[in-house]
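1. coordinates for the following, if possible.
(4 chains)
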Protein chains: 2
Amino acid sequence: MRTSRTIPTLDDVAKKAGVSTATVSRCLNTPDRVQKNTRVRVLKAVEALGYTPNFGARVLAAKRTFTIGAIIPTMENAIFARGLQAFQEELQRAGYTLLVSSTAYSPAAEDEQIRALITRGADGLLLIGYDRDPALYRYLKRQAVPALIAWAHHPDIPRPAIGFDNRRAMALLTEAVLAQGHRRIGVITAVTKGNDRAADRLQGIRDALQARGLDPETLAVIETPYGVENGEVAMRTLMQADAAPTVVMCGNDVLAAGALRGAKAMGLSVPQDVSVTGFDDIELARIVTPALTTVHVPHREMGTKAAKALIAMVEGAAPPAPTELPISLEIRDSLGPVKTA
Amino acid sequence: MRTSRTIPTLDDVAKKAGVSTATVSRCLNTPDRVQKNTRVRVLKAVEALGYTPNFGARVLAAKRTFTIGAIIPTMENAIFARGLQAFQEELQRAGYTLLVSSTAYSPAAEDEQIRALITRGADGLLLIGYDRDPALYRYLKRQAVPALIAWAHHPDIPRPAIGFDNRRAMALLTEAVLAQGHRRIGVITAVTKGNDRAADRLQGIRDALQARGLDPETLAVIETPYGVENGEVAMRTLMQADAAPTVVMCGNDVLAAGALRGAKAMGLSVPQDVSVTGFDDIELARIVTPALTTVHVPHREMGTKAAKALIAMVEGAAPPAPTELPISLEIRDSLGPVKTA
DNA sequence: GATCACAATGCAAGCGCTTACATAAATTTC
DNA sequence: GAAATTTATGTAAGCGCTTGCATTGTGATC
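-> Take a look at the predicted model:
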C-alpha cells in the first residue's frame, strides 16, 4: 500500500533544494544547526513536494518512536477516560502520540498488551496499579522501557508512581461514616483479584474499623464486576439480609450509582433508610439523586502529571520519586446519620 | 536509549538457530512457508534470546505499521469512550494497535492531528463526522490512507461512513414530543460550528416542526459547549423566559442531565412542569431522576463495525458502502404530556 | 535412472532516515 | 596575516527487517 513512487523521500527534497540529505534532516530536526537561507530553501522544497518523513525509517534510525503506550482496564470507565484524556493532551503538547490498549481487568491480557506495546516501539508505558507478575517487571527492565504507575501510590514500594493512597483515602471516608453513628456497614467492592486499588480500598475500611476498636469481620462484603447493574444487584442482596446495613460503602461511584438505583427500586430512601458512599468523584456523583458522598480524586491532574513524568523518564531523566496526590472527602446528601429506630 | 548491545536482532536469532535471517523472518510472518522442524528450532532460539522484532525496521521494510489512528473530539465524553473502547477491542483482536488523538472539538486541531497520525504511520484513520476542509480530504487521498467516518451517516455523501442519521433520529424524537402536545419547545444544543452531528440534530427538530406545519422560528435555541454545568446554565436561561418552554430538547444526554439538574434547582419538577429529552442513551440516561427520554445509539456496535470496516479497507478491500445503523427511541419518565394549565 | 516440479532455504538488495566523522568556509585570536 | 577555532555542509555507514530471486534438495513421473 502507500508505496506508489509518488511519495517523496528525503532524497527528493535534497535534490530539489540542492543540498545533501543530511542537511534536510537537520533542517527538520535541529533547525538551528543550519543556516537560515538554506533552511528556507529546504523548507520550501519540503512544502513544494508535500514531503512527510517516513515514520519507520525515522524510528529505525533514531531509535525513538515518540510514542507512549497506556494500558488501562477500560476506557468506558469515566475515571480512566478522564485521566487518559488529560494524559493524551499533555503528550500531544510535547509532541508524543498515545498508543492505547485495554485489558478488561484481566492480568493475562495486560501482560500481553505490555509486550505488544513494547514491540510496537512505545518509548514509555503508563500502567495502572502495582499488582502484576514480577516477571513482567523484569521484562520491562530488560527492555529498558520506562514505566510509570498511576492511580495508585504505595509509600513503601519504590517504583515510579503517581497517584494516591487508596487505602488511606477509604479509611478516611470510613471514619466520616462511623462518625455518623453507623455500625452495620455493607460494602460493594469491585473485584479485588488482580486489582490492588480495589483491594486497598476494602482494606482501608477494615483499617478504620480496627482503629475504632470495631471488628472488621462484621462487614457484609459483596464483590462484583464494574457496572451500574451490578451495583444495583449487590444492593438488593445486601438490603435483604436479616440485619440490613445502615450504610453501604461502594468501591467506586458507578457501583454506588447502582446501589442508589437499587435502593430506590426497593422503596428505600437515601439517606433516611440507608446511606450510600462512592469513590472517585466522577461527574456522575453530582448528578445522581441524592448527590453522592465520595472521595474526590484529581483525575486530570494525575493524567497531566503522569505524562510529564513519563516524558521526562523517556528523555533520560532519573525516575521520579513516587508522587502522592491529595484526595479529599466530598460529603454530600447520600450520607446521613444512622437512623435511630 | 534502548540501544544496549544486549537487545537481540533477527541476525542473532538466525545465527543461534543456524539459519538465514530470511528463514527467521518467514518463521515469524508466514510460518507455513517453513518446515516444521526448522520452525521449531527457530522459535526455540527466539524464546531463548528473548527476541522481539524491532518495530521501526519492520515498518520500514514492510511498509505497514498495523496501527490505526482515531481522532475524536474527546475521550471524556462517554459516547466516544464507549465506541472507542469497542473499536480498540476489535482492532486488538485483529492484531492492530490504536493510536488516539483528540481535538477538543477544534477543526484546526483536528487538521493537525490527522497529519500527525499519518506521519506516525497510521495505516488507516477513524474520523468523527463529515464536516472538514476539502483540502484535508485531498491530503488523505494523496497519502493513500483509508479513512472511515463514524458517528454520522449522510445517505447522499459517498464517503465510507458508518453511523446513523442524526437529523432523522432527532426528527423522530421530536415527533414523539409533539405527540405529547408540546408546542413551546426549548433546545439546548452543542456548538454546531464544525460539528455536523450537532447541526444535524438541531435541523432534525426543525424538520419535524415543519412537517407538522409548525414554524421552526418559534424554537428557543441555546448553543453551549459540552458539559453538565453548561446544560444547567442553559436550562435556567430558557426557563426564565417570558413564555417558558414546556419541553426542553437537548443535543445530548450530558446536556440533558444538566437541564434536569437545573430544573431541580429551580424547583421545577420533571415532567410535570417541564419535560426534558436527551440524545445518545449513555448509561447516565437511566441513572438520572427521572430517567431520560432519549435516542438510543448502538455505540459499541458502531465501534466494532467501524474497526472491521477500516481493517478491511487497510488490507485492500474496496471502501464499503456507507452503513446506517438503526437507532431507536427510548421513551422514559422525563417526557410527559404538556401541562394543561 | 534421468527429468521435472515443487518445496524449503539462502542471498542480498533495499526500505528512508539519522548521525559520526570529514571537509570546507568563515570567523576570531594573537 | 597565519594559526586556531567555530560554523555549515557533505559523505556514507549503518539501523534491523522483508522479500524477489537464486539455489538446493526432495519426491514424483516417465
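2. give me the below-cutoff pLDDT ranges for chain A.
-> A:1-6, A:340-341 (pLDDT under 70).
3. residue contacts, A:E89?
-> Residues in contact with A:E89, defined by Cβ atoms under 8 Å, 6 or more residues apart in numbering or on different chains, are A:303-304, A:307, B:102, B:104. For every residue, glycine as well, the C-beta is placed using N, CA and C.
4. buried ones in whichever helix or strand A:L238 is part of, by neighbour count?
-> Assessed by DSSP states H and E, A:L238 sits inside helix A:228-239. Of the residues in helix A:228-239, A:228-235, A:238-239 count as buried by neighbour count, 16 or more other Cβ atoms under 10 Å in any protein chain shown.
5. and if you look at stretch A:188-198?
-> Result for stretch A:188-198 [16+ other Cβ under 10 Å]: buried residues A:188-190, A:192, A:194-198.
6. kindly report the residues of chain A close to DNA strand C.
-> Residues of chain A lying close to DNA strand C by Cβ under 7 Å from any atom of the strand are A:3, A:7, A:9-11, A:21-22, A:25-26, A:28-29, A:51, A:53-54, A:57-58, A:60-62.
7. so which of the buried residues of helix A:228-239 comes closest to A:L255?
-> Proximity of these to A:L255 (Cβ to Cβ) peaks at A:G231, which lies at 3.7 Å.
8. wait, the closest one touches A:A263, no?
-> No - A:G231 lies out of contact with A:A263 (Cβ atoms under 8 Å); the separation is 10.4 Å.
9. quick one on the thing from earlier: narrow the residues of chain A next to DNA strand C to those in helices?
-> Residues of the residues of chain A next to DNA strand C located in helices (DSSP state H): A:10-11, A:21-22, A:25-26, A:28-29, A:57-58, A:60-62.
10. all helices for chain A, in order.
-> A:10-17, A:21-29, A:36-49, A:55-62, A:78-93, A:107-119, A:134-143, A:166-179, A:196-211, A:228-239, A:253-265, A:299-314.
11. who are the packing partners of the second one?
-> Right, helix A:21-29. helix A:10-17, helix A:36-49 (3 or more Cβ pairs under 8 Å, 6 or more residues apart in numbering or on different chains; DSSP states H and E).
12. now for A:A211, how many residues are close by?
-> 12 (other Cβ atoms under 10 Å in any protein chain shown).
13. ok, it - contacts?
-> Contacts of A:A211 (Cβ under 8 Å, 6+ apart): A:171, A:175.
14. buried deepest among the helices of chain A, which one?
-> Mean neighbour count (mean count of other Cβ atoms under 10 Å in any protein chain shown) peaks for helix A:253-265 among these, with a mean of 25.
15. angle of that helix against helix A:228-239?
-> 60 degrees (axes from the mean of the first three to the mean of the last three Cα atoms, to 10 degrees).
16. do stretch A:134-148 and DNA strand D meet?
-> No - for stretch A:134-148, no contact with DNA strand D is found by Cβ under 7 Å from any atom of the strand; the gap never falls below 12.7 Å.
17. is any part of that stretch close to chain B?
-> Yes - residues of stretch A:134-148 contacting chain B under Cβ under 8 Å from any Cβ of the partner chain: A:142-145.
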